[in-house]
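Visitor: Predicted model and sequence follow; I will ask about them next.
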4 protein chains.
Amino acid sequence: MEKKVSRIGVLTSGGDSPGMNAAIRAVVRTGLYYGLEVYGIMRGYQGLMENDIKKMESRSVANIIQRGGTILKTARCKAFHTEEGRKQAYDVLKSHGIDGLVIIGGDGSFQGAVKFSREFDIPCIGLAGTIDKDIYGTDFTIGFDTAVNTAVEAIDKIRDTADAHDRLFIVEVMGRDAGYIALHSGIATGAENILVPEQKTNIQDVIASLQEKERRKKLVNIIVVAEGDEFGGANKVAEAIKQHVPGVEARVCILGHIQRGGAPSCLDRLIASRMGYHAVESLIEGRHNVFVGIQNNRMNYVPLENVGKRKGTISSEWMKIVKILAS
Amino acid sequence: MEKKVSRIGVLTSGGDSPGMNAAIRAVVRTGLYYGLEVYGIMRGYQGLMENDIKKMESRSVANIIQRGGTILKTARCKAFHTEEGRKQAYDVLKSHGIDGLVIIGGDGSFQGAVKFSREFDIPCIGLAGTIDKDIYGTDFTIGFDTAVNTAVEAIDKIRDTADAHDRLFIVEVMGRDAGYIALHSGIATGAENILVPEQKTNIQDVIASLQEKERRKKLVNIIVVAEGDEFGGANKVAEAIKQHVPGVEARVCILGHIQRGGAPSCLDRLIASRMGYHAVESLIEGRHNVFVGIQNNRMNYVPLENVGKRKGTISSEWMKIVKILAS
Amino acid sequence: MEKKVSRIGVLTSGGDSPGMNAAIRAVVRTGLYYGLEVYGIMRGYQGLMENDIKKMESRSVANIIQRGGTILKTARCKAFHTEEGRKQAYDVLKSHGIDGLVIIGGDGSFQGAVKFSREFDIPCIGLAGTIDKDIYGTDFTIGFDTAVNTAVEAIDKIRDTADAHDRLFIVEVMGRDAGYIALHSGIATGAENILVPEQKTNIQDVIASLQEKERRKKLVNIIVVAEGDEFGGANKVAEAIKQHVPGVEARVCILGHIQRGGAPSCLDRLIASRMGYHAVESLIEGRHNVFVGIQNNRMNYVPLENVGKRKGTISSEWMKIVKILAS
Amino acid sequence: MEKKVSRIGVLTSGGDSPGMNAAIRAVVRTGLYYGLEVYGIMRGYQGLMENDIKKMESRSVANIIQRGGTILKTARCKAFHTEEGRKQAYDVLKSHGIDGLVIIGGDGSFQGAVKFSREFDIPCIGLAGTIDKDIYGTDFTIGFDTAVNTAVEAIDKIRDTADAHDRLFIVEVMGRDAGYIALHSGIATGAENILVPEQKTNIQDVIASLQEKERRKKLVNIIVVAEGDEFGGANKVAEAIKQHVPGVEARVCILGHIQRGGAPSCLDRLIASRMGYHAVESLIEGRHNVFVGIQNNRMNYVPLENVGKRKGTISSEWMKIVKILAS
């Protein structure tokens, strides 16, 4: 039988994402509700190794559910990838009597947790905090819905100018390995073309489509490109277009870091609250070293070692709908 | 075998909801893509009976995906509930050669369509356009996500003042028969209590909870009430509280119609686009007189006559999470 | 010659307004820059009397410029209107060695400060923190620009529904004695009529104008009413209209407290920063017991005892523009 | 005596700016109110030369006051800089009987108007439609307030991430020759440094300031750079910093075209409405070939030939406030 947890730690790791604070709040308050002590670990594994830790009360997480970023701050930490680093982290946890850990972050953060939980007797729970929605085992990741709405609002603004000037805009959104932000924001803003890492970009098709639109005098066009598209991002696409469709006036916009911040959307606050609650329940009920996701509206528990980036597939149905609706 | 459709009409009916324009756009462009003629019917069944109809081109729906409201306008129409009314509507459709109909609206709008499709040989497809998310057979309704985010943004603002003044605010959100807007916006804003039509409101519990918080000096509180709560809405709740917890300073806010308008969220544009596309596919493939919903990320086709308001159930898990997180 | 100040206190009083935090930040950091100690007084005069005071550092005001509400909280305080109350407040200030006071609030808050500064040797500086823009001696008050933009965004949403349903909406905005929120938000949203306390409402004119519009089939109309309009607010106006223009479908929306909160606009952050800076400069330079306003882009210093609500005048030019543009 | 105008044209020229639609609406409705015919000229001088002109009714400008972009579209037009081009434009205007012209655009657009009004007997009125606020003779330009608020919202989001990661962000905002967007958005977001074209950038000062902050462990910093800063924009600044302050993690964000679009702010709608109204009044009253600005809340009429870019001066008071408040 699993031993019972009594003091848990919570940290955020990797790139920040909107809704992380809602998850922290849920972990803290659920922990306190069940009589646990809860410790906030600052700056991810870095702060853990440096013993940058503080006890959390209910008030510590008051009025944060609506805030972007993370009150626990986050960092990338190379030292935790070494055995010495993890041993140091373990000693810090032991010194506090912390016997359970909730890690809110992306798939890189979980790899460290897998090793740590194998080496030491401190159970870890993973929650998907990433705007990229590229984690296996969950329909939602904390931050995706906010990021994609931020992208949509930005592209709506760009469309005003595209429309006023009869111009083509090539907009680059976040997504190194996953095209979900590009796909969703592209559909939602009526983009003519959406270029994602999951599909080989055929630049000849893009050019042919623009030439056809030029003939039809449809001059206002938006192409959304994921930053990780193998063709090379918005600037590369723009170059190719300028070369082959000289009549088209093209502008590039790289949305960048505005996609990470801001008040989380209702959906991100909900899933973060629900996941945070179930993370603590999992620790208490002995469901250890799992990733807590949501699939088909049910909680889904995946052994942490099986969690990884989601295989990239964009449904062909969506690509057909994009083509038809942007006509 | 079903006869083939060649000219289809689309209308919006009942209360407007953000995303209706995205659905109209999808119906029009998918129809044109498949070689159909598409007609926009103004002001729902009212405009249908009055022959207020115009042919739609691809450009007719340009630059509307991001707009709230409905370019086809909407109305409630009593005459269509009579046999004469529906006969008149049929004659109008026949005069245009329209042989298929897409109705975007709430459950009341579908009841008319059921009768109409029984009496006449014009197949009807229903799409859920309502902010209330109370339609059987679909996880999403067009407009809910936008409405609930609008409510969340409004309550976030109210919390600033609640916090500055150490006050209790009682916020009434939309939802005559369904408490989903109240539930989601309440969780997302950290409301202390959420009162919904699906559950009997025990005002003694609400009062006891406030008294307990008063003792703990937790003076900033928000209660979210669905307009259809059987206890009687925000004003009634405020009265009861003032009577029994005189030390509490309570304010009432009724969010009202701001919840219907505004640019649709990314999610609402996506589901509206997808549903609109499948509505036309359904007409073409002979899947007639059905409601097109989405369940577990798959299209769900329900015979129109089976569609109705969703039985109100709020999961007990959520109510437990609300209680724990607002502590 | 005025004696030099060395320890100053800052408080917010009356209704909260967006931008108060930016003003607090400016007072604190300017004070520290000039070598003063700065104390934050909680909950206005109430917290002053109760000795609810804390020393502020530069970090105390980090990351608040973008927050609505006030980190110092605010309250209305009857006891400060008595001599005993003010004596008690003075004793508290003396015990901290505080020898200068910045009061951010509305005209009611300044009346207390006038008496206090006459009775005791602690100079007071007033800054206009109110969404109503009704203070004499300044073109701007902290919070007005944000509040009016919140109202505009809300009415834009309502217009979506008004337009979809061909309806009349009567929207009530804040403003007990001043119609500026109504005037500005009404013009900016193309309202047909704007009813303000500064002008006698001729309901017959409103009705006649609607009847004329009904004849022209201009059915989508918005009337913006200040809560302090002597005719009696939106509900009263709606009643009168329903009685005399029965063909018109009218809906009432009372925007309420959402107008107080939210992230301050750029302008409100700017004027709050500038005023806060000059409040401290005034204390240091011996410009005591003044209200610090901005007029024609220059700082304007008014003896506190002369400050009061601004005489209500709405320019006739604007009323003419409203009439012409809403046609 | 000036001859009376009876048919006027309105066009938008140069880069689009939010509020142009509000100005068009005001010109059209004021014109109609005074019994004039009003013609909308598409795509600026380009559409004028190509006779792309349509008669405007009151309904043509319904429901546009809240829209970004310009319904008349805009373009840059080289041909109008030639005498032949202007002659052709004149012939088009004559063919419609248009005897007055309102030009909404930037200072480049007015240069064309000056020549045109000298050569031909068609009076021109200029309105400042530019987000850069760099036109002589007016405190406001249509679009500036919206653009700067868009920048502020974007930087607020970036700050969430800067704060979560203890990072430096260098944000580039629009402004080729004018630093107002950088100055206002920088103050409003608490930027540590603001680099503008009006002042020589001393990169050594920037570096020294960051080094000093590094020593104080103030790691979260934002620098706002106008695109036209002579040092060379955000990327150049980032390079210099990385070279000299290697411990600092710096990220670059270029906000780009999102600053042009979006629903105009309340202020931009108001000044656009007021300016549009006075443009028509000016044509009627014989105040010809003037630019219509607002100074100290009064209308200011400047002969078009005197209008130019505003001499760049950023007040030293503001630069001092920036320095003090960001400490």
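Guide: Nice, I can see it.
Visitor: how about low-confidence regions in the stretch 201-327 of chain A?
Guide: A:311-312 (pLDDT under 70).
Visitor: Break down it into its strands, ranges please.
Guide: Remark: strands assigned in the stretch 201-327 of chain A by DSSP state E, counting those that start in this stretch are A:221-226, A:250-254, A:290-295, A:298-303.
Visitor: could I get the ones you listed as CSV with distance to C:Leu48 and mean neighbour count?
Guide: Backbone N, C-alpha and C define where each C-beta goes, glycine included. Converted to CSV, the strands of the stretch 201-327 of chain A look like this (distance: least, C-beta to C-beta, whole Å; neighbours: other C-beta atoms under 10 Å in any protein chain shown):
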stretch, distance to C:Leu48, mean neighbour count
strand A:221-226, 55, 27
strand A:250-254, 50, 20
strand A:290-295, 48, 23
strand A:298-303, 50, 14
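Visitor: Can you check which of these gets nearest to D:Pro264?
Guide: The closest of those to D:Pro264 is strand A:250-254. By C-beta to C-beta, the value is 20.1 Å.
Visitor: Any residue of the closest one touching chain D?
Guide: Yes: counting by C-beta under 8 Å from any C-beta of the partner chain, chain D has neighbours in strand A:250-254: A:Arg251, A:Cys253, A:Ile254.
Visitor: Skip the chain neighbours and tell me the closest residue to the last one.
Guide: Read it as A:Ile254. Spatial nearest neighbour of A:Ile254, chain neighbours left out: A:Glu172 (4.5 Å); criterion: C-beta to C-beta, 6 or more residues apart in numbering or on different chains.
Visitor: Correct me if wrong: that neighbour contacts A:Gly228.
Guide: No: here A:Glu172 does not reach A:Gly228: they are 10.0 Å apart, not a contact under C-beta atoms under 8 Å.
Visitor: between those two, who's got more neighbours?
Guide: A:Glu172 (24 against 20; other C-beta atoms under 10 Å in any protein chain shown).
Visitor: Please report how far A:Thr146 lies from chain D.
Guide: To chain D, A:Thr146 is 10 Å away according to C-beta to the nearest C-beta, to the nearest Å.
Visitor: Looks to me like that residue is in a strand.
Guide: No: counting by DSSP: H, G, I helix; E, B strand; the rest coil, A:Thr146 falls outside a strand, being helix.
Visitor: Next, give phi and psi for whatever residue of the stretch 201-327 of chain A ends up closest to chain D.
Guide: Relative to chain D, the nearest point of the stretch 201-327 of chain A is A:Gly261 (3.2 Å; C-beta to the nearest C-beta). Reported as degrees, to the nearest 10, the phi and psi values for A:Gly261 are phi -100, psi -170.
Visitor: so what's it up against?
Guide: A:Asp16, A:Pro18, A:Gly68, A:Gly69, D:Asp156, D:Lys157, D:Ile158, D:Arg159, D:Asp160, D:Thr161 (C-beta atoms under 8 Å, 6 or more residues apart in numbering or on different chains).
Visitor: would you list the residues you listed in CSV and tack on neighbour count and pLDDT?
Guide: Output for those, formatted as CSV (neighbours: other C-beta atoms under 10 Å in any protein chain shown; pLDDT from 0 to 100):
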residue, neighbour count, pLDDT
A:Asp16, 30, 96
A:Pro18, 34, 98
A:Gly68, 27, 97
A:Gly69, 26, 97
D:Asp156, 22, 98
D:Lys157, 24, 98
D:Ile158, 26, 98
D:Arg159, 25, 97
D:Asp160, 26, 96
D:Thr161, 27, 96
